[in-house]
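Novice: Give me the fold of what follows.
(chains A, B, C and D)
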2 protein chains.
Amino acid sequence: MELRDIEIFLTLAEELHFGRTADRLRVSSARVSQVIKKQERRIGTTLFERTSRRVLLTPAGRRLQQELSVGYRQIMDGIQSVAAEAAGVNGVLTLGAMGPQPWMIPDLLDLFRSRHPAVEVRHREIQATAPLAEVKAGEVDAALVWLPVREPGITVGPVTHSSPVMLMVGAGHPLAGRETVCWEDLGDCTVLTGTDVPVSMEETFHPRRTPSGRPVARGPVASSWHEQITLVAEGSIVCGVAADAARFYPWPGIVYLPIRDAPPAQWTWVWLTARQTPLIRALSQATRDAQRSDQDRLTP
Amino acid sequence: MELRDIEIFLTLAEELHFGRTADRLRVSSARVSQVIKKQERRIGTTLFERTSRRVLLTPAGRRLQQELSVGYRQIMDGIQSVAAEAAGVNGVLTLGAMGPQPWMIPDLLDLFRSRHPAVEVRHREIQATAPLAEVKAGEVDAALVWLPVREPGITVGPVTHSSPVMLMVGAGHPLAGRETVCWEDLGDCTVLTGTDVPVSMEETFHPRRTPSGRPVARGPVASSWHEQITLVAEGSIVCGVAADAARFYPWPGIVYLPIRDAPPAQWTWVWLTARQTPLIRALSQATRDAQRSDQDRLTP
DNA sequence: ATGTCTTACGGAAGACGTAATAATA
DNA sequence: TATTATTACGTCTTCCGTAAGACAT
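Specialist: Predicted structure coming up:
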């Protein structure tokens, strides 16, 4: 039994579906069937109870999953880690992120650190009011920002996570009593203006027009998060934010309202295309892998 | 990179010699070279510093060895374990052994127990004076005895360990003052007689004749270890024993003398051919594997 | 010259996909 | 009938050995 077989077994043990397993691993489902059958011959017992309608782990299958998953992860990470070090993944990696966003991706950061112990990871605060400033200035190697980003000279990496979009309003604002809002409500509001937010990114939290076409009024400029929250607390201004803000800044005088028709904001790494180092590639790889194991954990 | 490749890498990392690695894994040394080269391409750096005269791990190679060895062992043991359980390795396994012999193979017993937690291992004492009695009577499933065993209906398993042969004499015996002895000295001695020792096995500790052809006198019959040691302590009788006895029975009045020209006694499992259960096969397998990892530990 | 690692090449094993088949709801 | 797992079969990769070459002592 080889690592490829083990990967197929472990994936099927999670998906419990031959077709999805085949898709995830980019093989034919016939192959999945063949490999599982081979393993069952090797082990000497059936690993999955299956009809053409349902796939379940047998006790022996569950036990094999327990025995193999740790070692498999260890070996794959070990290879990845040594290869990364050989590719020059070492030194200092400076990441930019806003407020609580690093707390949204602890798995990813843990994976990266364990995989690349030779790398010192540093964090710098960046502002939603000018999300790409530090990247462009070269003050951070990569920044965690929301999509969509379309800027020349900037590369967009894999998605790390996503957060619902909420509207932050002052307790005295007319909307403050509502349970939820929708984009249309912004037609009656004034939203904050950032100092340097690309147009594409601005739309995610502050569309220029409501779904019906009414313009959304632009208010004063804020240059930091605390300025934003202070302005909103005064009552006349509102501001779209990631839902994470509601968890980390439950301040008096501030109300967070779900925006029913806002798609979740997707977060991603961005970096200067000209400064794509092995470190950055390692970060991308770790992001993809952590993403996948997140899915794994959610799937069953 | 597949498990087979990892096995080759780990073996070469221990042997530090392409030829010996190839021999151990039953492949050509060309294959070892090809696999290592492939891995070096995959990892992106050289794993072994090698000339046609010397093979050494590079730092990256050493790191990869650390990363892979644990996971590899885990996976192989896991597969083995689940397969064994499926093959019906469960229930009670009764092993027979003499005196301190179980203490000579703790690694093997640990491996077996960890691999087969569903098996209850019991121990029964057997006597060197009739080493196969309990096996033949079916009172133990397998017994740990010394080679050579040639008995119809009895299967000989893999070797577990070996012990030098010593001569146990009483403090008052003429040989007691010697540093060492040789087989020829037995021509002047009387040795104990067992109650039921097969001829082939008897030769290991008590040859019928000395190298020069003199007969070795047979003395009284002893039926247990304590009887043996008591008879020897009286002074006129001697007895060949495994060196382990010297460590575990350093009794007053007893002297142990190395026998210079005695090859080490090899110990092995034996069982009734007719009663070869999956449990017995699992014991054989664990013995072979423990033997191999013993070698591994001794090699570097 | 000899022992040892590497390269070149060819045959065999097996990995994998396509398409047809069987089985379940 | 629709969905999904399995089997049959052909292609193509890659595993692996043999034999010759390269290199160090």
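Novice: Roughly how far does A:V238 sit from B:V165?
Specialist: Remark: distance between A:V238 and B:V165 (C-beta to C-beta, to the nearest Å) = 92 Å. To be clear about C-beta, it is placed using only N, CA and C from the backbone, and glycine gets the same treatment.
Novice: Which one's more surrounded, the two?
Specialist: Ranked by neighbour count (other C-beta atoms under 10 Å in any protein chain shown), A:V238 and B:V165 place A:V238 first, with 29 against 20.
Novice: Quick check: bridge partners of that one?
Specialist: Beta-bridge pairing for A:V238 (DSSP bridges): A:V191.
Novice: just A:I259 next, same as before
Specialist: Under the criterion used (DSSP bridges), A:I259 bridges to A:V181.
Novice: residues near it, how many?
Specialist: 19.
Novice: What are the contacting residues of stretch A:20-31?
Specialist: A:7-8, A:11-12, A:15, A:18-19, A:32 (C-beta atoms under 8 Å, 6 or more residues apart in numbering or on different chains).
Novice: Contacting DNA strand D as well, which ones from those residues?
Specialist: Filtering the contacts of stretch A:20-31 for neighbours of DNA strand D using C-beta under 7 Å from any atom of the strand leaves A:18-19.
Novice: how many neighbours does A:L272 have?
Specialist: A:L272: 20 neighbours (other C-beta under 10 Å).
Novice: likewise A:W225?
Specialist: Based on other C-beta under 10 Å, the number of other residues close to A:W225 is 18.
Novice: Can you give me every residue that contacts it?
Specialist: A:98-99, A:127-129.
Novice: now do A:G172
Specialist: A:G235.
Novice: Just say helix, strand or coil for it.
Specialist: What DSSP: H, G, I helix; E, B strand; the rest coil gives for A:G172 is coil.
Novice: Narrow the contacts of stretch A:20-31 to those that are buried.
Specialist: Among the contacts of stretch A:20-31, those classed as buried by 16 or more other C-beta atoms under 10 Å in any protein chain shown are A:7-8, A:11-12, A:15, A:18, A:32.
Novice: returning to that earlier point: would CSV of the contacts of A:W225 with secondary structure, neighbour count and pLDDT be doable?
Specialist: Formatted as CSV, the contacts of A:W225 follow (DSSP: H, G, I helix; E, B strand; the rest coil; neighbours: other C-beta atoms under 10 Å in any protein chain shown; pLDDT from 0 to 100):
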residue, secondary structure, neighbour count, pLDDT
A:M98, coil, 22, 95
A:G99, coil, 18, 90
A:Q127, coil, 22, 93
A:A128, coil, 24, 92
A:T129, coil, 20, 92
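Novice: Go through the residues you listed and say which is closest to B:A176.
Specialist: Within the set of those, A:G99 lies nearest B:A176; the separation is 85.5 Å, counting by C-beta to C-beta.
Novice: got the residue ranges for the strands in the stretch 201-300 of chain A?
Specialist: In the stretch 201-300 of chain A, the strands defined using DSSP state E, counting those that start in this stretch lie at A:217-221, A:239-242, A:254-258, A:265-272.
Novice: So for stretch A:140-157, mean pLDDT?
Specialist: Mean pLDDT, stretch A:140-157: 96.
Novice: quick one: buried residues of that stretch?
Specialist: Quick answer for stretch A:140-157 (16+ other C-beta under 10 Å): A:140-147, A:149, A:151, A:154-157.
Novice: Would you convert those residues into TSV that also reports secondary structure?
Specialist: As requested, the buried residues of stretch A:140-157 are exported to TSV (three-state DSSP):
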residue	secondary structure
A:V140	coil
A:D141	coil
A:A142	strand
A:A143	strand
A:L144	strand
A:V145	strand
A:W146	strand
A:L147	coil
A:V149	coil
A:E151	coil
A:I154	strand
A:T155	strand
A:V156	strand
A:G157	strand
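Novice: Tell me the one among those nearest to DNA strand D.
Specialist: A:G157 (28.2 Å; C-beta to the nearest atom of the strand).
Novice: and that closest one, how far is that from B:P220?
Specialist: For A:G157, the distance to B:P220 equals 86 Å [C-beta to C-beta].
Novice: before we move on, what about A:T287?
Specialist: 80 Å.
Novice: Now do the same contact list for the residue in the stretch 101-250 of chain A positioned nearest to DNA strand D.
Specialist: Sorted by distance to DNA strand D under C-beta to the nearest atom of the strand, the residues of the stretch 101-250 of chain A start with A:R115, at 25.1 Å. By C-beta under 8 Å, 6+ apart, the contact list for A:R115 reads A:77, A:80-81, A:84, A:282, A:286.
Novice: rerun at 7 Å
Specialist: Going by C-beta atoms under 7 Å, 6 or more residues apart in numbering or on different chains, A:R115 touches A:77, A:80-81, A:84, A:286.
Novice: Out of these, which comes closest to A:I105?
Specialist: For the contacts of A:R115, the nearest to A:I105 is A:A286 (10.3 Å; C-beta to C-beta).
Novice: what's the neighbour count on that closest one?
Specialist: If you count neighbours by other C-beta under 10 Å, A:A286 ends up with 24.
Novice: just checking, it touches A:R113?
Specialist: No: here A:A286 lies out of contact with A:R113, judged by C-beta atoms under 7 Å, at a distance of 9.2 Å.
Novice: that older thread, output the buried residues of stretch A:140-157 as TSV; include the columns distance to A:I105.
Specialist: TSV is the format used below for the buried residues of stretch A:140-157 (distance: C-beta to C-beta, whole Å):
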residue	distance to A:I105
A:V140	15
A:D141	16
A:A142	12
A:A143	13
A:L144	8
A:V145	13
A:W146	13
A:L147	15
A:V149	17
A:E151	22
A:I154	20
A:T155	19
A:V156	16
A:G157	13
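Novice: Can you dump the C-alpha atoms of stretch A:10-29 in CSV for me?
Specialist: The C-alpha trace of stretch A:10-29 is given here as CSV (Å, rounded to 0.1, in the frame of the first residue of the first chain):
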residue,chain,number,x,y,z
LEU,A,10,-8.5,8.8,3.8
THR,A,11,-10.4,11.0,1.3
LEU,A,12,-13.1,8.4,0.8
ALA,A,13,-13.3,7.9,4.6
GLU,A,14,-14.2,11.6,4.8
GLU,A,15,-16.3,12.0,1.7
LEU,A,16,-18.1,8.7,2.0
HIS,A,17,-18.8,9.1,-1.7
PHE,A,18,-16.7,7.6,-4.6
GLY,A,19,-17.6,10.3,-7.1
ARG,A,20,-16.7,13.2,-4.9
THR,A,21,-13.5,11.5,-3.8
ALA,A,22,-12.5,11.0,-7.4
ASP,A,23,-13.2,14.6,-8.2
ARG,A,24,-11.2,15.9,-5.2
LEU,A,25,-8.2,13.8,-6.2
ARG,A,26,-8.6,14.3,-9.9
VAL,A,27,-8.9,10.6,-10.8
SER,A,28,-11.7,8.5,-12.2
SER,A,29,-14.1,7.0,-9.7
